[in-house]
Structures are given as structure tokens and as C-alpha cells.
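A.B. asks: Structure for this input, please:
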Amino acid sequence: MQHDPGSAPDSAPRLLNLFQILATILLWNAGYKGARVVNTLYALELGAGPFDTGLLLAVYGVFPLVLAIHVGKISDRYGVRLPVAAGAVITALGIVLPWFWPVMPMLFVSAAVTGAGFILVQVSMQALVGSLGSGASRTHNLNLYALIVSVSDLVGPIAAGFSIDHFGHVRTFVYLALLTVPSVMVMVFLGHRLPRAATGGPDRGKQRMKDLFRIRELRRMLIASALVMGGLDLFQLYLPIYGHSIGLSASAIGMIMGAFAAAAFVTRALLPALVRRFGEATALRYAMFLAAGTFFLIPLFESTLVLGVVCFFLGLCMGLGQPLTVILTYNYSPAGRHGEGLGLRIAINNSMHVTVPAVFGAAGSLLGLAPVFWASSALLAAGGYAARTRKGA
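C.D. replies: Below you'll find the model as predicted:
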């Protein structure tokens, strides 16, 4: 329907469509993912060891652990407009903080602030995109969301790596913050045009989080998702550390991580066909078992090309983990509580983000990097086991 210029001034604004919403995610998420890489590499440049970098990555998960469920409840009840606008601004500010004070403590502050902004946008946007369709349409929409995340996962680390090599770590923080500005402007000034995702379900006073844990398939998916995300976090932390330890440049490390992200994009483009062929749960299980085998290979090679190939294949497998766990968590959540279910998933994931990097960082300091990759392989295999389905479920 065309806009009538003579309509009343208080008529509702035209809502942003799915593709406009996804476009706002692209540069914002690229800046966030690039900042995680430059934070890690700058910490190593300042003399941090595996334990310190593990703690740094864990800090990213502190506020998501605390806030995710509350953000999900807010999006269910009131919509996503305020959380996405606030989260976009907070993320940009968190990214640029080390430029003002380029010392190790500020990297931890930056990680905490950026993580808080990230969770406000992530939970709200997942709930919003999931609410824009049902059945196959929902799978399609959430997969498009995952594809956009894959593109930003590719752009962010590569941009960060080349910027570090050409301009240094400190200036890279500014450039990554500037990368998010267009998306921040859209979320702040056009947030009133986002569709309302709140479902307004009745009897909320009687709803308890423990009720979600009583849903067996949802519970199993939350466990699988946590193990998948634990393995992904360890890859994002330890691939830069491993690359640094064998003398690779920041650009080479960024390209290897970019190969992982590019593969995730490819496999997510194929996700609808894989779901039609195998179903969501079966596709997830196969992908996690294959990822476990590939993860085991990383510390066996030092060539940039070979590591790029290995990580590309790993990305093909791991690329299915995030969208499928989001889709299945949304599908298994009760009506009117999808945002809360997604928030619970992210909160549990972030309990892994907080504990696993610190524990594995200590293990890496004592035992070396190879056992960390092999233990990560075991985590992914456990995630594949948890993703299995049962007859009559």
C-alpha cells in the first residue's frame, strides 16, 4: 500500500522489513566480532598469557550471563525497540574504550561493556526475527539472520587483522567502533519502525523459569547449545593464541578466522536443504560430530594454508550449530515465552563463556595448547550426543 500524503500525522510509520532489519545487524556485529579479535591480539602484545586471555574472553560473557533472561522477558512483554537501541550504543562505546586508555585493565572493561551491549541486541533481534514467521518460514528467517552473522564474522576479523598490521592495535579500536556507526544510527533513530515482537501472553505471574527446564527437548537443546558455544568460544580464543605462538601475522590469523566464517556462510546457505533432508536435530548432531573430528586436527599443523583449509572445513560443520540451536530453542519454547527461552539459552551459553575460557586458559598454561584443542573436540562430541532425539519425544 502506498503512503497517503494526506493521512493523519499520527498514523503508524511503515515498519522495517526483514532485510532492512538484517542490514542493521551486519556492520554492528562485524565491529563486535572484530573487537574480540583485536582485544585478544592486543592483550598478547601487552604480554598476556593463555590464562589472562582466557579471563579476558570470559569477561565478555559476564553481563550476558546476568542479563540474557531478563532481556528475553522484556522483548516478550514490551518489544525490542529500547533494548536494540541501547545495546547498539553501549556496544560502540565498549569497542572504542581502549583507544582512550590502551592498557590491559581497559581491555577487560571494554570486554564487559561490549558484552553488555551485545546481549541487549542479540536476544531481542533473535526473538524479533523468529516472530516474523512460523514453521518453514521461521526456519528461513532465522537462517537469513545466521547468514548475516556469518558475513559479519567474516568481515570483522579480517578487517581487524589488516587494520592492526597497517595502523596498529590502538587505532583499530577506533576504526571498528566507526564500523558500527551506521547500524547504531538506524537502531537509535529508526527503532520506532521495528516490528513489535512482544506476545503479551496471559498469567505471567504464574510463569517460572524452572518450567522451561521441565520440557525435555528444550532442556536437551540448551545443553547441546552450551557445549557447541563452548567449543566455538575456545576456537575464537585459542586460534589467535596458537597462530601467535607459531609466528603467524595478524593478517594471516584474520584470514584463517575469515576462512572459518566464510565456510559458516556457505553451510548456512545450504541449511534449508539440509533441514529438509535430515531434520534440524539430526543435521545438528552430524555437524557436531564432524566438527569434533576436525577440531582435533588444528594443533597438528603450522602452515597458514593448511590451517585455513582445516578451519574452513570446521566452519562448514560449526556453521550449522548456532542457527539450528536457535531454531530448535525457539520451536521448543512455550508460546509467549520465546524471548525468554532464547535468553535462557544465551545465559547458559554464557555460563560456559565465563567458566570454560578461564579453566581452559589455566590448563593451556600448564599443559600447552594442543590439549586445549583436543578437549574442545570432546566438548563438541558431547554436544552432538546431547542433540540426539528420542522416539516419542
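
A.B. asks: Low-confidence regions, the stretch 201-350 of the chain specifically.
C.D. replies: 201-207, 209 (pLDDT under 70).

A.B. asks: Hmm, I typed the wrong one, I wanted the stretch 51-200 of the chain.
C.D. replies: 133-134, 196-200.

A.B. asks: Tell me where it has helices.
C.D. replies: In order along the chain, the stretch 51-200 of the chain carries the following helices (DSSP state H, counting those that start in this stretch): 62-78, 81-100, 104-131, 136-167, 169-189.

A.B. asks: right, so of those, which gets closest to Lys210?
C.D. replies: Counting by C-beta to C-beta, Lys210 lies closest to helix 62-78 out of the helices of the stretch 51-200 of the chain; the figure is 12.1 Å. Every C-beta, even on glycine, is put in place using the N, C-alpha and C of the backbone.

A.B. asks: Can you list the helices and strands that that closest one packs against?
C.D. replies: Counting contacts by 3 or more C-beta pairs under 8 Å, 6 or more residues apart in numbering; DSSP states H and E, the secondary-structure elements packed against helix 62-78 are helix 81-100, helix 104-131, helix 338-367.

A.B. asks: Let's have these in JSON lines, adding mean neighbour count and distance to Pro64.
C.D. replies: JSON lines is the format used below for the helices and strands packed on helix 62-78 (neighbours: other C-beta atoms under 10 Å; distance: least, C-beta to C-beta, whole Å):
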{"stretch": "helix 81-100", "mean neighbour count": "22", "distance to Pro64": "11"}
{"stretch": "helix 104-131", "mean neighbour count": "24", "distance to Pro64": "4"}
{"stretch": "helix 338-367", "mean neighbour count": "23", "distance to Pro64": "4"}
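
A.B. asks: Kindly reformat the ones you listed as TSV and extend each row with distance to Leu305.
C.D. replies: Listed next are the helices and strands packed on helix 62-78 as TSV, based on distance: least, C-beta to C-beta, whole Å:
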stretch	distance to Leu305
helix 81-100	31
helix 104-131	31
helix 338-367	25
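
A.B. asks: got JSON lines for the helices of the stretch 51-200 of the chain, with distance to Arg345 too?
C.D. replies: Compiled in JSON lines, the helices of the stretch 51-200 of the chain are given as follows (distance: least, C-beta to C-beta, whole Å):
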{"stretch": "helix 62-78", "distance to Arg345": "8"}
{"stretch": "helix 81-100", "distance to Arg345": "16"}
{"stretch": "helix 104-131", "distance to Arg345": "9"}
{"stretch": "helix 136-167", "distance to Arg345": "13"}
{"stretch": "helix 169-189", "distance to Arg345": "23"}
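
A.B. asks: out of these, nearest to Trp374?
C.D. replies: Set against Trp374 and scored by C-beta to C-beta, these come closest in helix 136-167, at 23.6 Å.

A.B. asks: Buried ones in that closest one, by neighbour count?
C.D. replies: Of the residues in helix 136-167, 138-164 count as buried by neighbour count, 16 or more other C-beta atoms under 10 Å.

A.B. asks: do stretch 240-258 as well
C.D. replies: Residues of stretch 240-258 classed as buried: 240-244, 248, 250-258 (neighbour count, 16+ other C-beta under 10 Å).

A.B. asks: Hmm, Thr113 is touching Leu93, no?
C.D. replies: Not quite, residue 113 is Val, not Thr. Yes: using C-beta atoms under 8 Å as the test, Val113 is close enough to Leu93 to be in contact (6.4 Å).

A.B. asks: Need the residues that contact stretch 161-178.
C.D. replies: Contacts of stretch 161-178 from elsewhere in the structure, counted by C-beta atoms under 8 Å, 6 or more residues apart in numbering, are 31, 34-35, 37-38, 41-42, 45, 92-93, 95-99, 102, 110, 156, 159-160, 249-255, 257-258.

A.B. asks: same thing with stretch 366-373?
C.D. replies: With C-beta under 8 Å, 6+ apart as the contact definition, stretch 366-373 has outside contacts at 50, 234, 238, 241-242, 245, 295-296, 298-299, 360, 363-364.

A.B. asks: How far away from the center of its chain is that stretch?
C.D. replies: 24 Å (C-alpha atoms, centre = their mean, to the nearest Å).

A.B. asks: next one: stretch 75-88
C.D. replies: A distance of 18 Å separates the C-alpha centroid of stretch 75-88 from that of its chain, computed with C-alpha atoms, centre = their mean.

A.B. asks: same thing with stretch 177-189?
C.D. replies: So, by C-alpha atoms, centre = their mean, the centroid of stretch 177-189 is 19 Å from its chain's centroid.

A.B. asks: repeat for stretch 24-40
C.D. replies: 10 Å.

A.B. asks: could you dump that stretch to CSV, C-alpha only?
C.D. replies: Below are the C-alpha coordinates for stretch 24-40, written out as CSV (Å, rounded to 0.1, in the frame of the first residue of the first chain):
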residue,chain,number,x,y,z
THR,A,24,21.3,-3.1,10.6
ILE,A,25,22.9,-6.2,12.1
LEU,A,26,25.7,-6.5,9.6
LEU,A,27,28.1,-3.8,10.4
TRP,A,28,27.3,-3.7,14.1
ASN,A,29,28.1,-7.4,14.5
ALA,A,30,31.2,-7.1,12.3
GLY,A,31,32.5,-4.4,14.7
TYR,A,32,31.8,-6.5,17.7
LYS,A,33,33.5,-9.6,16.3
GLY,A,34,36.5,-7.6,15.1
ALA,A,35,36.9,-6.1,18.5
ARG,A,36,37.1,-9.5,20.1
VAL,A,37,40.0,-10.4,17.8
VAL,A,38,41.9,-7.1,18.4
ASN,A,39,41.3,-7.4,22.1
THR,A,40,42.9,-10.8,22.2
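
A.B. asks: Quick one: mean pLDDT for that stretch?
C.D. replies: Predicted confidence along stretch 24-40 averages 89 (mean pLDDT).

A.B. asks: What of stretch 368-378?
C.D. replies: Here the mean pLDDT over stretch 368-378 is 82, rounded to a whole number.
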